[in-house]
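> Attaching a predicted model along with its sequence, questions to come.
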Amino acid sequence: MSSESPVKVVLGLYSGVADPTWTLTAEEASDLAAALARLKRVSGTAPAGGLGYHGFSIIGPDGTRVAFEGAVASAGSDPPYYLDDPDRTIERLLLETARAHVKPQEFAVVARALDQP
């Protein structure tokens, strides 16, 4: 994930309604790139969401990744793999960048989901 090109984030919350979307600042993108670089690559399929909170889509120049339930999956990777994030650091980092772009109740829904074991 390049920190020099625009990185768009989509907070997956809704079905049939547009999800909140924002673009990371250069500093936020740099922090995200550094955090992603610290994660371990694992073979297999990452968890997928359903209704309600279903992760953050990270759309950058090198593709789309989805951070959800402690995994960061590269969309369409073959063979499938994900980055293991048991402390959900990527989701927490992206939630903090969301503060100015989402409604307080949307923020609260995700914060509660991240506090679940």
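The structure has been received and is ready for your questions. Computed from a predicted structure; not experimentally measured.
> show me what contacts the residue lying farthest from the centre of the chain?
For the chain, the largest distance from the centre (CA atoms, centre = their mean) belongs to Pro79, which lies 20.6 Å off. Neighbour list for Pro79: Ser43 [criterion: CB atoms under 8 Å, 6 or more residues apart in numbering]. Every C-beta, even on glycine, is put in place using the N, C-alpha and C of the backbone.
> Would you quantify the distance from it to His54?
Look at Pro79 and His54: by CB to CB, to the nearest Å, they are 23 Å apart.
> picking up where we left off before, please report how far the residue farthest from the centre of the chain lies from Asp62.
On the measure of CB to CB, Pro79 and Asp62 end up 18 Å apart.
> returning to that earlier point: tell me the confidence at the residue farthest from the centre of the chain?
Pro79 carries a pLDDT value of 78.
> which SS state does it fall under?
Classification of Pro79 by DSSP: H, G, I helix; E, B strand; the rest coil places it in coil.
> which stretches of this structure have low pLDDT?
Within the chain, the segments meeting pLDDT under 70 span 1-4, 117.
> which residues of it fall in strands?
8-11, 21-23, 40-43, 56-60, 63-68, 71-74, 81-84 (DSSP state E).
> which other helices and strands contact the fifth one?
This means strand 63-68. Counting contacts by 3 or more CB pairs under 8 Å, 6 or more residues apart in numbering; DSSP states H and E, strand 63-68 packs against strand 56-60, strand 71-74, helix 89-98.
> Give the burial count for the closest residue to Tyr82 other than its chain neighbours, as a bare number.
In this structure, Tyr82 finds its nearest non-sequential neighbour in Ala46, 3.8 Å apart by CB to CB, 6 or more residues apart in numbering. Using other CB atoms under 10 Å, Ala46 has 23 neighbouring residues.
> got the contact list for Ala46?
Contacts of Ala46 (CB under 8 Å, 6+ apart): 66, 68-69, 71-73, 80, 82.
> same thing with Leu114?
88, 91-92, 95.
> what do you get for Glu69?
Neighbouring residues of Glu69 by CB under 8 Å, 6+ apart: 46-47, 49, 55, 88.
> Show the end-to-end separation of stretch 67-84, please.
End-to-end span of stretch 67-84 (CA to CA, to the nearest Å): 10 Å.
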